[in-house]
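Q: My questions concern the predicted model and sequence given below.
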Amino acid sequence: MRALPSGLSYLCLHLFALCYYAQVTNQSPPNFTQHVSEQSKLTDRVSRRLIRIYQLYSRTSGKHVQVLPNKKINAMAEDGDVHAKLVVETDTFGSRVRIKGAETGFYICMNKRGKLIGK
């Protein structure tokens with residue numbers, strides 16, 4: 001068997017790499033919104049919901065996160081404040097976490113601008 005000349009083998013190698021790159025880059029990017037929507041519709045019979053009450057501490061302000069009755073969220077509560085008690089609900093399998101104020105019952109959500117609000 002005769003070996004290919006080095007120039008021809010170099011060209012074949014580049015052609016192979018170009019074809020491989022074209023196959024890899026033709027994939028469409030994943031639709032994250034669709035994935036989240038589909039996953040939120042699924043129910044997992046194995047998961048258990050864990051519900052705990054916490055106070056979330058903010059290093060920036062040196063205080064605790066609170067959910068106020070006017071649906072505002074801030075990190076200005078003192079330790080033990082009634083509005084600083086947060087109910088954290090998690091599923092043992094999956095990535096669902098829900099945080100709401102124990103006193104107000106409002107969940108911590110994010111608006112379109114990325115600001116935290118209570119709903």
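A: Cool, the structure landed. Being a predicted model, the structure only gives us computed values, none of them experimental. Numbering: from 1, shown residues only.
Q: all helices of this structure, in order?
A: With DSSP state H as the definition, the chain shows helices at residue ranges 6-25, 32-41.
Q: Please report how far residue 64 lies from residue 56.
A: 6 Å (Cβ to Cβ, to the nearest Å). Any C-beta I mention is one placed from the backbone N, CA and C, and that applies to glycine too.
Q: More neighbours: those two, which one.
A: residue 64 (22 against 14; other Cβ atoms under 10 Å).
Q: And that one, how close does it get to residue 71?
A: Distance from residue 64 to residue 71, by Cβ to Cβ: 18 Å.
Q: just residue 48 next, same as before
A: For residue 48, the distance to residue 71 - Cβ to Cβ - is 30 Å.
Q: again, but for residue 60
A: Counting by Cβ to Cβ - residue 60 and residue 71 are separated by 21 Å.
Q: for the closest residue to residue 99 other than its chain neighbours, what are its contacts?
A: Nearest residue to residue 99, sequence neighbours excluded (Cβ to Cβ, 6 or more residues apart in numbering): residue 108, at 4.6 Å. Shown in contact with residue 108 (Cβ atoms under 8 Å, 6 or more residues apart in numbering): 67, 73, 86, 99, 100, 101, 116, 117, 118.
Q: Ok, residue 73 next?
A: So residue 73 contacts 65, 66, 67, 108, 116, 117, 118 (Cβ under 8 Å, 6+ apart).
Q: And those residues, which of them are buried?
A: With neighbours counted by 16 or more other Cβ atoms under 10 Å, those contain buried members at 65, 66, 67, 108, 118.
Q: For the first one, give me its contacts.
A: I take that to be residue 65. Per Cβ under 8 Å, 6+ apart, neighbours of residue 65: 55, 56, 57, 58, 73, 74, 75, 77, 84, 86.
Q: looking at it, the first one is touching residue 86, isn't it?
A: Meaning residue 55. Yes - between residue 55 and residue 86 there is a contact under Cβ atoms under 8 Å: 6.8 Å.
Q: These two - which one has more neighbours?
A: residue 86 (20 against 17).
Q: For residue 112, see how far away the more buried one is.
A: Taken as Cβ to Cβ, the span from residue 86 to residue 112 is 23 Å.
Q: and if you look at residue 76?
A: 24 Å.
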